[in-house]
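Chemist: One predicted model, sequence on top.
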Amino acid sequence: MNLTLHVWRQKDANDKGRLEVYQAKNVSADSSFLEMLDEVNEELIKEGKDPIAFDHDCREGICGMCSQVINGRAHGPQEKTTVCQLHMRQFKDGDDVFIEPWRARAFPIIKDLVVDRAALDKIIQAGGYTSAKTGGVPDGNALLIPKGDADYAMDAAECIGCGACVAGCPNSSAMLFTSAKVAQLAIQPQGKPEAARRVRSMTEEAKACGMGNCTNHYECQASCPKDINVKFIAKLNREYLKAMLPGNNK
Amino acid sequence: MILDGKCPTGPIQQSWDKHRQEMKLVNPANKRKFKILMVGTGLAGGAGAATLGELGYNVEAFCYQDSARRAHSIAAQGGINAAKNYPNDGDSIYRLFYDTVKGGDFRAREADVWRLAQVSNNIIDQCVAQGVPFARDYAGYLDNRSFGGAQVSRTFYARGQTGQQLLLGAYSALARQAKAGSVKIHARREMLDLVVVDGVARGITCRNLITGEIESHWGDAVVLATGGYVNVFYLSTNAMGCSVTAAWKAAKKGAYFANPCYTQIHPTCIPQSGEHQSKLTLMSESLRNDGRIWVPKKEGEKRHPNEIPEEERDYYLERKYPSFGNLAPRDIASRAAKEACDDKRGIGPGGRGVYLDYAASIKRLGENTIRERYGNLFEMYEKITDENAYKEPMRIYPAPHYSMGGLWVDYNCMSNVPGLFVLGEANFSVHGANRLGASALMQGLADGYFVIPYTIAHYLAQITPGKIKDDHPAFKESKAAVENETKKLLSINGKKTPAELHRELGKIMWNNVGMARSEQSLKEALKQIPELREQFWKNLKVAGSGAEFNQQLENAGRLADFLEFAELFAKDALHRDESCGGHFRVEHQTEDGEAMRDDENFCYAAAWEFKGADKEPELHKEPLKFENVHLAVRSYK
């Protein structure tokens, strides 16, 4: 199939940026979206032009590195799919495709489709862990965790930290991302002792990074390639409220 | 030269404990005087950096991705082994040790494998404490499943995303140290040289991938945890950025490269669909627990798999290896698939595929159970192939997956260059010639959490901290050399892109140095690789400049290293005139096609010393002794 691509080109953070048009010719329906871009880039290089810069790595939908807004949607039209797992059979011959980077104040553009997502690391560094020292921990079976809780924690833990929720949200909120980690650790006994401190400091950090608040648009869930549920935001809110209660504010 | 792995002597059961008692310690107040550079933030590097930071050392961690959380360990699906014996099916540290030594076809070091098996239990506890949501049963206990090469259920898992969950555990420990200020993380940096002063590792030279700036970093010790090199085949299951570069740069600075020819071809990958393809996707080996592998009995069968009756199917693994069946080790299952396809009974486009069939399991357990166990894998399969594996069998084919070879290290994980340590897939130590399933995660975390924190102290306790810093001339020289190489790559201005040349290298490697090798094919590869290297340096085209974000330049640099390394790989394969594990020489097989080892002549680790790109490398041998598991023919029948 043949496609017309409208790609966001921006040399660096200071450049203004613009959409440029490229033709993708003879694209195999079996190739992934990134493989289609690879082929376009090969052509650009041969023509002596600067290839399109985009982030990618595992190409198996798990590393969370790929990050493109395709036709206005983070990771493109297919639900629960990263760009690397989006295949060209989702498009039709002759389609126009608009490709842009993640857009959020907290994600400055590095080049073309590549953005800086260090803010997500900062949110985790603010408390997205249990303070377990290496060694000297109890036997794994000494902590019993009901299957339902383990499954709930796993549903939350599936977050790949790609930032699509932030890019999809009209407020550039990182609440889905933050809530997934908060919920995973709050439901399990290992994470409980620090739960109040964690939710407070992670929330504050998200704000400090320039992320907005949740106003229930549900775009984060719609953008999420891993189907992280907004119920975790509700959990985050409950945990936050609890943490703010008098006597819990330690 | 005969190499000494410095293994502890005496009964193996006490070897690690005794060794730990004998090693020197660094007192807590002195730890902060030392700076350790950790290159790579996967399971081994992330765990190592976090643990060393927690102990009080100054740690600087480097990764080429935008975040430490994206290291390729994240893609591991199936699980991690430990000898907990929770299922009460007869497991023990000894049995895990035994399975690993045997699985590796007797080409690993016994003492290292013992330690791995011993600390495996601590790993599970550690990860649970970090909040890793391992699968649990209804009573709340940890759940287990079985994996290739073992007859017990010792594999702990977190859906099909075990690697992700373990890595996020290590990453969160790392995040905690970053917040505490004990670890500084340098993301989007690629190590392009090892700085060696008077034979001792003193630092690294990196490229800042955003600005293009070449940076010098000094450290009292350098730890490489940079993963494997199977992207030398171009198509592999590794992430696009996985390369041999860091290890190869170290090799060019004197670190020996051991057993490069040992690579694992994983039996359950999604077959290649066309030339446009950039990588192959693995389907977890755990799928073989419930899936049955078969090909049609008839050559050139054209019917839809669901229309082929039971009696016309060849469940070849169950037929050839009745006691392990579909759970035969990876090298054996891969070769069996290749044989079926060479026999013209392969399925799918191009005949390079076999069926992995769930019909029987779905009938026995119900679709819901299968969905619960493997649902995400089925979804991934459907996205890639557009086929519903609940309704028809999956198609799979072997693909390059893991490298058992790597930089040579002694029992302390230190290379022959003092001050240079190597962890996880980047070293050569525990898997021998074949890695059993669910063992890579175990090694990464064992090295990172429970080995390097002890052994590095022994080294640091014997040196003066901060003796050589980045104002030493060796750093300037290294920086100049790296800048020079970058300029060279950019100035060729030929016609071929890095991707084109990489695909060509991949073809040479897969056809001649792949699943089966012969003297003839290896000699062919050794002829073609230098020719391609020459073409690379004459006809490469890289757009842009060095002083900017330039992904083509990154690819070109990695390919330049692969082109040198590939030759060593083929040389090692040619020199090892036997078959063992993932190294299968067609000249050495039994009548029914099983690998034939030659213990009399090849029971050693082959460690190669680099002498120059167009010069013969020098071979050093480390003899392997098997005192606890007797050398025997490996049989899974």
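Modeler: Nice, I can see it. Numbering: from 1, shown residues only, chains lettered A, B, ... in the order given.
Chemist: Domain boundaries for the chain, per the record?
Modeler: Here I'm looking at chain A. A:3-111, A:117-243 (automatic domain parsing).
Chemist: hm, I was asking about chain B
Modeler: According to automatic domain parsing, the domains of chain B span B:265-399, B:473-623.
Chemist: now these in JSON lines, with mean neighbour count and distance to chain A?
Modeler: Using the backbone N, CA and C atoms, a C-beta is placed for each residue, glycine as well. Shown next, in JSON lines, are these (neighbours: other Cβ atoms under 10 Å in any protein chain shown; distance: least, Cβ to the nearest Cβ, whole Å):
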{"stretch": "domain B:265-399", "mean neighbour count": "19", "distance to chain A": "4"}
{"stretch": "domain B:473-623", "mean neighbour count": "18", "distance to chain A": "4"}
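Chemist: coming back round to it: deepest of the domains of chain A, which one?
Modeler: Greatest average neighbour count among the domains of chain A goes to domain A:117-243 (a mean of 21), per mean count of other Cβ atoms under 10 Å in any protein chain shown.
Chemist: Output the below-cut-off pLDDT ranges for chain A.
Modeler: For chain A, the stretches with pLDDT under 70 are A:249-250.
Chemist: quick one: the helices in it?
Modeler: Along chain A, counting by DSSP state H, helices occupy A:33-46, A:118-125, A:147-157, A:164-168, A:175-187, A:195-208, A:219-223, A:231-244.
Chemist: which residues touch residue 204?
Modeler: By default, I'm working from chain A. Contacts for A:E204 (Cβ atoms under 8 Å, 6 or more residues apart in numbering or on different chains) come out as A:A126.
Chemist: Can you look at chain B instead?
Modeler: B:I204 is in contact with B:37, B:39, B:62, B:191, B:193-195, B:216-217, B:219, B:222, counting by Cβ under 8 Å, 6+ apart.
Chemist: Mind doing that once more with 7 Å?
Modeler: Contacts for B:I204 (Cβ atoms under 7 Å, 6 or more residues apart in numbering or on different chains) come out as B:37, B:39, B:191, B:193-195, B:217, B:222.
Chemist: and what of A:A174?
Modeler: A:123, A:165-166, A:206, A:211.
Chemist: What is the subsequent helix or strand relative to the helix or strand harbouring B:K184?
Modeler: Remark: B:K184 resides in strand B:183-186, with elements defined by DSSP states H and E. Following strand B:183-186 in sequence order, the next helix or strand is strand B:189-197 (DSSP H and E).
Chemist: Just give the strands next to that next one in its sheet, each with its orientation.
Modeler: In the sheet, strand B:189-197 lines up against strand B:200-208 (antiparallel) (DSSP bridges).
Chemist: partner strands of the helix or strand following the partner strand, parallel or antiparallel?
Modeler: Using DSSP H and E, the helix or strand that directly follows strand B:200-208 along the chain is strand B:214-218. Strand B:214-218 sits in its sheet next to strand B:200-208 (antiparallel), going by DSSP bridges.
Chemist: Tabulate the helices of chain A in JSON lines, adding columns for distance to B:N88.
Modeler: Putting the helices of chain A into JSON lines (distance: least, Cβ to Cβ, whole Å) gives the following:
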{"stretch": "helix A:33-46", "distance to B:N88": "46"}
{"stretch": "helix A:118-125", "distance to B:N88": "38"}
{"stretch": "helix A:147-157", "distance to B:N88": "20"}
{"stretch": "helix A:164-168", "distance to B:N88": "43"}
{"stretch": "helix A:175-187", "distance to B:N88": "29"}
{"stretch": "helix A:195-208", "distance to B:N88": "35"}
{"stretch": "helix A:219-223", "distance to B:N88": "42"}
{"stretch": "helix A:231-244", "distance to B:N88": "36"}
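Chemist: closest to A:D112 out of those helices?
Modeler: Nearest to A:D112 among the helices of chain A is helix A:33-46 (10.5 Å), distances taken as Cβ to Cβ.
Chemist: Show residues contacting that closest one.
Modeler: Contact partners of helix A:33-46, identified using Cβ under 7 Å, 6+ apart, comprise A:5, A:22, A:24, A:27, A:50-52, A:54, A:56, A:59, A:66, A:76, A:83-84, A:86, A:88, B:276-278, B:497, B:499, B:541, B:543, B:552.
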